[in-house]
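Enquirer: for reference, the sequence and a predicted model appear below.
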Amino acid sequence: MIDRVKSPYPSTQDPRYTVELRRNAREYLSSPGHPVFEIVNRDWLARAVTAQAQVTQASRHGLERALDLALWLDMYKPALKLS
């Protein structure tokens, strides 16, 4: 038996992954008119990508979902009708 710390699947533990998440989010932040900001709070995203912000599991999932949504909006260009 090997004694090791279990890592949650399919979570990437490499710190470079978080660096890239933040970099990609900054690209969307440089486009303030992007439709993702009709759904995702732009101020939250800006705070999440600052160097001082600690990346918790919750904030990492938030970044992943925001980027997933932004990419989906870019690919399919749906008409959003939010009230």
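Expert: Yep, it's here. Owing to the predicted nature of the structure, the values given are computational and were not obtained by experimental measurement.
Enquirer: tell me, what residue is most central in the chain?
Expert: Per C-alpha atoms, centre = their mean, the C-alpha nearest to the average position across the chain is that of residue 63, at 1.8 Å.
Enquirer: name the nearest residue to that one, sequence neighbours excluded.
Expert: residue 21 (4.6 Å; C-beta to C-beta, 6 or more residues apart in numbering). Quick note: C-beta positions are derived from backbone N, CA and C, even for glycine.
Enquirer: quick check: buried residues in stretch 55-70?
Expert: The neighbour-count check on stretch 55-70 (16 or more other C-beta atoms under 10 Å) flags 55, 59-60, 62-63, 66-67, 70 as buried.
Enquirer: would you reformat the residues you listed as TSV and include distance to residue 5, pLDDT and secondary structure?
Expert: Output for the buried residues of stretch 55-70, formatted as TSV (distance: C-beta to C-beta, whole Å; pLDDT from 0 to 100; DSSP: H, G, I helix; E, B strand; the rest coil):
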residue	distance to residue 5	pLDDT	secondary structure
55	19	84	coil
59	22	89	helix
60	18	91	helix
62	25	94	helix
63	24	95	helix
66	29	97	helix
67	27	98	helix
70	33	98	helix
